[in-house]
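Enquirer: give me the fold of what follows.
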Amino acid sequence: MRVNLDDEYIIAILPKVWLSETGLAGLLKRSKEGILALTNKRLVFVARHMVVTRDEMSRYIDLEERIVRVSNMKGYSEKDLDEDISNNGKDSVLIPFMSIIDVREVKVRRSRFLRVKFMYDDKSKTYDYGIAESITNYPIRQPLLFYDISWEPWIRLINAYR
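Expert: This is a model prediction of the structure:
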């Protein structure tokens, strides 16, 4: 039985996404790697390390056109997403569409990010989502370089469900 996602269904999933909080809080916290999922009621980020090969990543990113695709992950259902949210509760971010103020693409240091601004406890919070091109594993797993890809399909889809 699903606990976190009542009657929701997955519209799109993007693995290997890095979440960074903007502002002073972003300087004090490290970024997290995980899955970005779009359901019919909210935008969900689940902190989870997944092994995805470059060939599998081509399902989600078109590097020739430099664009993020809208697609689902084979074998990953709403039940799996609900379990991941339960297992990684403190690192998961669930943003209801009703609380989203703005969704746009920003360019930072030659890389483009999906920026989501939303209300949380009567305060405005902003998160940046990006896909890492190269990662360092020592001393902690952190991205070094992000892809310069367009988030336009995801922005249009999020705005359509808002």
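
Enquirer: quote the end-to-end distance of stretch 70-87.
Expert: 26 Å (C-alpha to C-alpha, to the nearest Å).

Enquirer: what comes into contact with that stretch?
Expert: Residues from elsewhere that reach stretch 70-87 (C-beta atoms under 8 Å, 6 or more residues apart in numbering): 2-5, 8-13, 15, 35, 37, 39, 44, 46, 48, 59-60, 92, 94, 153-154, 157. Any C-beta I mention is one placed from the backbone N, CA and C, and that applies to glycine too.

Enquirer: select only the buried ones of the residues you listed in PyMOL?
Expert: Selection of buried members from these for PyMOL, criterion 16 or more other C-beta atoms under 10 Å:
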select buried, resi 4+5+8+10+11+12+13+15+35+37+39+44+46+48+60+92+94+154
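
Enquirer: figure out the helix or strand that Leu157 lives in.
Expert: Of the helices and strands defined by DSSP states H and E, Leu157 is found in helix 152-161.

Enquirer: so Met98 sits in a helix?
Expert: Yes - if the criterion is DSSP: H, G, I helix; E, B strand; the rest coil, then Met98 is within a helix.

Enquirer: need the contact list for it.
Expert: Met98 neighbours (C-beta under 8 Å, 6+ apart): none.

Enquirer: and it, how far from Pro153?
Expert: Separation of Met98 from Pro153 (C-beta to C-beta, to the nearest Å): 22 Å.

Enquirer: swap in Leu36?
Expert: Separation of Leu36 from Pro153 (C-beta to C-beta): 13 Å.

Enquirer: same check on Lys125?
Expert: 24 Å.

Enquirer: and the pLDDT for Met91?
Expert: Check again: residue 91 is Asp, not Met. With respect to pLDDT, Asp91 scores 89.
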